[in-house]
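In: no sequence for this one, just the structure:
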DNA sequence: CAATTCCTTTGACTAAAGTCAAAGAACTAT
DNA sequence: ATAGTTCTTTGACTTTAGTCAAAGGAATTG
């Protein structure tokens, strides 16, 4: 990793200070106008309903503390507590109509606050500001995503492949059959490698490397979760796969893809892959690429 | 004011939520590693020294609460309390060497945290991210600045003019004499107008409009505080002055400026002012502009 | 089916954050 | 010089946020 310049650190910290002081803190204040911030946040996080367990992990709260806050909200008539239909240990929390009304009001206030911030700007400046925020958020998210080598049989790996299969099943006119996915043994140990991208603990992307023949590898199942697209994550995955291939002494990488996946093809081209004739006959493939490492 | 689009509000709120959750909160956590957050923040805010009164307004704290926290920090040997030399009601707080050491450590941690955030990005992405943050901050600041009409004799107006005079005294090779400033009566009532730009309660810019002759006005002393430059504030001031001139039935605005103030000249040109021959003989003027409203 | 794990509740605390009002010393304006 | 204002301190509180451990019912696992 190249070292981080002091200028960048200063800019980030200055922005952070300014932003949290001016906006973050104020926003919190608006959120919990009449009730403790903890309760207001909890109500917000409950949204359309959730289990206590989910809330506990999402907000990082103590179980006892959460239990009491939920009871307090129930006492105020804002939420209803019930047992989970399938697992009686879990408790479900749902907003009542009064709770929903409060959420709507929270929302209205937050919107008014945001609108107030933008009001002093011209239309072009608003576009510039929101554009800059979107850019910053995209890059902050990308920076927080880690790409790790996992075993091909790991639950996260299989979960990614299932999600991948569901995604392309919906995209290919002919559908997609899961039997076409690589088996765990094809992407483990000497045979290959499997990478999973994690964002805040959840798998949001994957990519597999498989040995085709001596010196030649194949990339398969490069996939990014719908919510994590347009961040530049596919390129990160590709870079990890290529580095792994190089480390394994492979000098040529091949891959096949489907005509409908035009963005994928564009990305492969942009990353130095060139289209080649079919190197293998494959049900779902109609474009083939390779890159010399 | 044109209405704020819902898309912009959504983007801003989404960014706000993501940012405060991911960075703001964490940063606070790092700041107050071994001591209560309140004390850590107070120490940070004390910096190289401040009065309790200043801290109270800056942090918005209760006087009693602040007094106790300051005493707690003193008890830990981190700050020294003393009376203000000129005003014995005020108490000054200064960090001791131990306090400074703690600040340095706070700083180190915050830097490490910021560096960690940027680490996963390539050099170009870091430039893009910090650029976007700088843009966002600039526009958020601009949005928070209000331009108000004040009396030419108001203390804020005179304070701005004094700062303006000091600024250009340092820039003009021949210096600048304060007697050249407009008098309060020239920019009040029917004779003229005076605008002050405020950022979080402090005056950070000004501009004066003076009636020259029927239908013709003159702009004078358009100034922006050093800390508030490059935000686009001068244009805002100009817009306010022009709107006022229009409201007063003026159809032509004139102004003079000095050869050394090249950015000012560029701005006037960009805002539709055209250079004209001298309309008045004036010590500090060697360029003249006008604009038809 | 017994042991273990999971999830929530309850009791018993603590620390931090903040509020309010009274009082007193120091300055300011008239 | 006096009245009013400003700033800080102190006492006496309250609320919020959070921790820890014990306990019990419900699922899971060997």
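Out: Structure received. No experiment lies behind these values; they were computed from the predicted model shown.
In: Next, count neighbours for the residue of the stretch 101-250 of chain A at minimum distance from DNA strand D.
Out: Proximity of the stretch 101-250 of chain A to DNA strand D (Cβ to the nearest atom of the strand) peaks at residue A:155, 12.5 Å away. Bear in mind the C-beta positions are built from the backbone N, C-alpha and C, glycine included. Residue A:155 is flanked by 10 other residues according to other Cβ atoms under 10 Å in any protein chain shown.
In: ok, it to residue B:41 distance?
Out: According to Cβ to Cβ, to the nearest Å, residue A:155 and residue B:41 sit 42 Å apart.
In: If you drop the residues flanking it in sequence, what lies closest to the residue of the stretch 151-293 of chain A found nearest chain B?
Out: Taking Cβ to the nearest Cβ, chain B has its nearest neighbour within the stretch 151-293 of chain A at residue A:232, 7.8 Å off. Using Cβ to Cβ, 6 or more residues apart in numbering or on different chains and skipping the chain neighbours, the partner closest in space to residue A:232 is residue A:142 (5.7 Å).
In: Look up phi and psi at residue A:284.
Out: Backbone geometry at residue A:284, expressed as degrees, to the nearest 10, gives phi -90, psi 10.
In: So for it, what's the pLDDT?
Out: For residue A:284, the pLDDT comes out at 90.
In: That one contacts residue A:176, correct?
Out: Yes: assessed by Cβ atoms under 8 Å, residue A:284 is found in contact with residue A:176 at 6.6 Å.
In: which residue ranges form the strands in chain A?
Out: A:50-51, A:79-83, A:91-95, A:145-150, A:192-199, A:202-213, A:216-224, A:252-257, A:274-276, A:287-292 (DSSP state E).
In: With distance to residue A:168, mean pLDDT and mean neighbour count added, can I get those strands in JSON lines?
Out: JSON lines is the format used below for the strands of chain A (distance: least, Cβ to Cβ, whole Å; pLDDT from 0 to 100; neighbours: other Cβ atoms under 10 Å in any protein chain shown):
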{"stretch": "strand A:50-51", "distance to residue A:168": "30", "mean pLDDT": "96", "mean neighbour count": "16"}
{"stretch": "strand A:79-83", "distance to residue A:168": "38", "mean pLDDT": "96", "mean neighbour count": "15"}
{"stretch": "strand A:91-95", "distance to residue A:168": "34", "mean pLDDT": "97", "mean neighbour count": "19"}
{"stretch": "strand A:145-150", "distance to residue A:168": "21", "mean pLDDT": "94", "mean neighbour count": "16"}
{"stretch": "strand A:192-199", "distance to residue A:168": "18", "mean pLDDT": "95", "mean neighbour count": "23"}
{"stretch": "strand A:202-213", "distance to residue A:168": "13", "mean pLDDT": "95", "mean neighbour count": "21"}
{"stretch": "strand A:216-224", "distance to residue A:168": "8", "mean pLDDT": "97", "mean neighbour count": "23"}
{"stretch": "strand A:252-257", "distance to residue A:168": "10", "mean pLDDT": "96", "mean neighbour count": "20"}
{"stretch": "strand A:274-276", "distance to residue A:168": "20", "mean pLDDT": "96", "mean neighbour count": "12"}
{"stretch": "strand A:287-292", "distance to residue A:168": "14", "mean pLDDT": "96", "mean neighbour count": "17"}
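In: what about those, which gets the closest to residue B:134?
Out: With Cβ to Cβ, the closest approach to residue B:134 among the strands of chain A belongs to strand A:145-150: 23.6 Å.
In: That closest one to strand A:192-199, inter-axis angle?
Out: Calculated by axes from the mean of the first three to the mean of the last three Cα atoms, to 10 degrees, strand A:145-150 forms an angle of 150 degrees with strand A:192-199.
In: Which other helices and strands does strand A:145-150 contact?
Out: Packing partners of strand A:145-150 (3 or more Cβ pairs under 8 Å, 6 or more residues apart in numbering or on different chains; DSSP states H and E): strand A:192-199, strand A:202-213, helix A:233-247.
In: Please name whichever of the ones you listed is nearest to residue B:201.
Out: Among the helices and strands packed on strand A:145-150, the nearest to residue B:201 by Cβ to Cβ is strand A:192-199 (40.3 Å).
In: tell me which strands and helices the closest one is in contact with?
Out: With contacts taken as 3+ Cβ pairs under 8 Å, 6+ apart, strand A:192-199 sits against strand A:145-150, helix A:155-171, strand A:202-213, helix A:233-247.
In: Quick check: residues of the stretch 1-150 of chain A near DNA strand C?
Out: Within the stretch 1-150 of chain A, the positions near DNA strand C by Cβ under 7 Å from any atom of the strand are A:51-53, A:56, A:63-64, A:66-68, A:70-71, A:81, A:89-91.
In: For chain B, state which of these is nearest.
Out: residue A:56 (16.3 Å).
In: Find the nearest non-adjacent residue to that closest one, please.
Out: Residue nearest to residue A:56 in three dimensions, not counting chain neighbours: residue A:66, with 5.3 Å by Cβ to Cβ, 6+ apart.
In: what do you get for residue A:143?
Out: Nearest one to residue A:143, counting by Cβ to Cβ, 6+ apart, is residue B:120 at 4.2 Å.
In: Isn't the one you found up against residue A:144?
Out: Yes: the pair residue B:120 / residue A:144 is scored as a contact, 7.2 Å apart, by Cβ under 8 Å.
In: Compare the two (neighbour count), which wins?
Out: Using other Cβ under 10 Å as the criterion, residue B:120 and residue A:144 rank with residue B:120 on top: 18 against 15.
In: which residues touch the more buried one?
Out: Taking Cβ atoms under 8 Å, 6 or more residues apart in numbering or on different chains, we find residue B:120 in contact with A:142, A:143, A:144, A:145, A:146.
In: of all these, which comes closest to residue B:263?
Out: Distance to residue B:263 across the contacts of residue B:120 (Cβ to Cβ) is lowest for residue A:143, with 35.6 Å.
In: worst-scoring helix or strand of chain A, pLDDT-wise?
Out: Least confident element among the helices and strands of chain A, by mean pLDDT, DSSP states H and E: helix A:25-31 (a mean of 71).
In: before we move on, the earlier item: with distance to residue B:106 as extra columns, can I get the contacts of residue B:120 in CSV?
Out: Shown next, in CSV, are the contacts of residue B:120 (distance: Cβ to Cβ, whole Å):
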residue, distance to residue B:106
A:142, 28
A:143, 23
A:144, 23
A:145, 28
A:146, 27
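In: List just the nearest of these to chain B.
Out: Using Cβ to the nearest Cβ, the contacts of residue B:120 come closest to chain B at residue A:143, 4.2 Å.
In: what packs against the least confident helix or strand of chain A?
Out: Here helix A:25-31 touches helix A:37-46, helix A:97-119, going by 3+ Cβ pairs under 8 Å, 6+ apart.
In: Just name the most buried of the ones you listed.
Out: Of all the helices and strands packed on helix A:25-31, helix A:37-46 carries the top mean neighbour count, a mean of 18, counting by mean count of other Cβ atoms under 10 Å in any protein chain shown.
In: Just the pLDDT for the residue in the stretch 151-293 of chain A that DNA strand C sits nearest to.
Out: In the stretch 151-293 of chain A, the residue that lies nearest DNA strand C is residue A:155 (14.3 Å; Cβ to the nearest atom of the strand). If you check residue A:155, the pLDDT there is 85.
In: contacting residues around it?
Out: Contacts of residue A:155 by Cβ under 8 Å, 6+ apart: none found.
In: Distance of residue A:261 relative to residue A:221?
Out: 12 Å.
In: Inside helices: which ones of the residues of the stretch 1-150 of chain A next to DNA strand C?
Out: A:52, A:53, A:56, A:63, A:64, A:66, A:67, A:68, A:70, A:71 (DSSP state H).
In: from what I can see the residue nearest to residue A:56 touches residue A:55, true?
Out: Yes: counting by Cβ under 8 Å, residue A:66 touches residue A:55, with 6.3 Å between them.
In: Much appreciated, bye for now.
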